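> turn this into a model:
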Amino acid sequence: MSEKNRDGKRTARQRLAVEREKQKSAEKRRRALIVGASVVCVLGLAAVIGVIAANAGKDEGDTAGPVVAPSGAQGEDSLAIPVGKASARSTLTIWEDFRCPACKGFEQAYRSTIHELTDAGQLRVEYRLATIIDGGMGGSGSRKAANAAACAQDAGKFTPYHDVLYDNQPAEADDAFGRNDKLIELAGKVDGLDTPAFRRCVENGTHDSWVEKSSEAFRAGDFRGTPTVLLDGRNIYQDRSMTPAKLKQMVQDANKG
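Predicted structure coming up:
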């Protein structure tokens with residue numbers, strides 16, 4: 001074999017080795033993105049989440065009118081919807097958006113534990129609503145779903161309707177919750193909720209200005225994305241080791257004191 005042919009084969013092998021290394025690196029990056037995607041979405045570390053938060057609530061349906069808080073809302077400006085006994089020693093604050101896929105993921109993982117702890121009187125939850133997906137993806141589904149949830153609170157049906165909304169959450173880019181008829185249809189899944197009063201509340205956007213005020217509070221809080229989950233003021237969802245079992249143990253320990 002000539003020296004020229006040997007050099008050509010050597011160069012080809014080198015090129016092949018370089019290409020293999022590139023492919024390995026690309027595969028590692030792909031796996032890292034798959035593993036980390038939900039964390040980025042949840043914690044809002046991606047730049048796009050910052051853009052979404054900055055534009056939250058600026059959809060075509062920006063509203064004006066009196067701020068009408070839902071029945072039983074508490075806290076500063078009555079922006080928190082409470083669930084659970086006031087005597088509970090631990091308070092879980094959840095900032096959420098009904099169009100947010102990561103919020104649905106949190107619900108699927110933690111819902112049964114949260115219900116168990118609130119039913120036992122050990123945990124009080126404050127639900128606070130934001131509209132970041134409307135601001136980032138366009139549409140009005142975040143706002144209208146939040147208004148409908150506030151209407152359900154007026155009827156004493158917030159928790160079951162809240163859960164129904166997440167169980168029937170459309171794809172992030174699908175603004176199905178922007179249709180009042182869809183929100184009313186879903187109310188049919190909650191016993192006693194689909195009433196004339198609920199329908200009027202949804203169709204009139206009774207709590208729209210309250211939802212916008214809540215979304216403004218979210219932006220002012222400098223939170224990085226939804227869900228933002230605070231246990232007695234501590235952001236526990238940034239803890240990569242957090243699990244439903246760990247949350248349950250933390251709440252139970254607090255109730256022993």
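> show me where the stretch 151-257 of the chain has its strands.
With DSSP state E, counting those that start in this stretch as the criterion, the stretch 151-257 of the chain has strands at 228-231, 234-235.
> deepest-packed of those, please.
Among the strands of the stretch 151-257 of the chain, judged by mean count of other C-beta atoms under 10 Å, the one packed with the most neighbours on average is strand 228-231 (a mean of 21). (Each C-beta comes from the backbone N, C-alpha and C, glycine too.)
> which residues does it contact?
90-95, 106, 221, 235-237, 247, 250-251 (C-beta atoms under 8 Å, 6 or more residues apart in numbering).
> parallel or antiparallel, which strands does it pair with?
strand 90-96 (antiparallel), strand 234-235 (antiparallel) (DSSP bridges).
> that older thread, weakest of the strands of the stretch 151-257 of the chain by average pLDDT?
Among the strands of the stretch 151-257 of the chain, strand 234-235 carries the lowest mean pLDDT, a mean of 94.
> ok, and what's touching that one?
Counting by C-beta under 8 Å, 6+ apart, residues outside strand 234-235 touching it are 228-229.
> kindly report the same for stretch 182-195.
For stretch 182-195, contacts defined as C-beta under 8 Å, 6+ apart pick out 144-145, 148, 152, 155, 157, 160-161, 164-165, 168, 176-177, 198-199, 202.
> so for it, what gets flagged as buried?
For stretch 182-195, a neighbour-count test (16 or more other C-beta atoms under 10 Å) marks 182-184, 186-187, 190, 193-194 as buried.
> likewise stretch 99-111?
99-104, 106-107, 110-111.
> do stretch 244-256 as well
Buried-residue list, stretch 244-256, by 16+ other C-beta under 10 Å: 247-248, 250-251, 254.
> ok now that stretch, how far from the chain's centre?
Centre-to-centre, stretch 244-256 and its host chain are 22 Å apart (C-alpha atoms, centre = their mean, to the nearest Å).
> just to revisit the earlier point, columns distance to Glu216 on top of the strands of the stretch 151-257 of the chain, output as a markdown table?
Formatted as a markdown table, these follow (distance: least, C-beta to C-beta, whole Å):
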| stretch | distance to Glu216 |
| --- | --- |
| strand 228-231 | 15 |
| strand 234-235 | 20 |
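> Lys85 is nearest to which of the ones you listed?
Between Lys85 and these, the tightest spacing by C-beta to C-beta is seen for strand 228-231, at 16.4 Å.
> how about the helices of the stretch 1-150 of the chain, start to end?
3-43, 47-54, 101-119, 132-137, 141-154 (DSSP state H, counting those that start in this stretch).
> quick one on the thing from earlier: between the buried residues of stretch 182-195, which is closest to Gly72?
Closest to Gly72, out of all of these and judged by C-beta to C-beta, is Leu193, at 15.7 Å.
> could you measure from Glu96 over to Ala197?
From Glu96 across to Ala197, the span is 25 Å (C-beta to C-beta, to the nearest Å).
> quick one, which of those two is more surrounded?
Glu96 (26 against 12; other C-beta atoms under 10 Å).
> before we move on, the earlier item: turn the buried residues of stretch 244-256 into JSON lines, columns for distance to Ser215 and pLDDT.
Listed next are these as JSON lines, based on distance: C-beta to C-beta, whole Å; pLDDT from 0 to 100:
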{"residue": "Leu247", "distance to Ser215": "26", "pLDDT": "97"}
{"residue": "Lys248", "distance to Ser215": "30", "pLDDT": "97"}
{"residue": "Met250", "distance to Ser215": "29", "pLDDT": "96"}
{"residue": "Val251", "distance to Ser215": "28", "pLDDT": "97"}
{"residue": "Ala254", "distance to Ser215": "30", "pLDDT": "92"}
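> having no further points to raise, I will conclude here.
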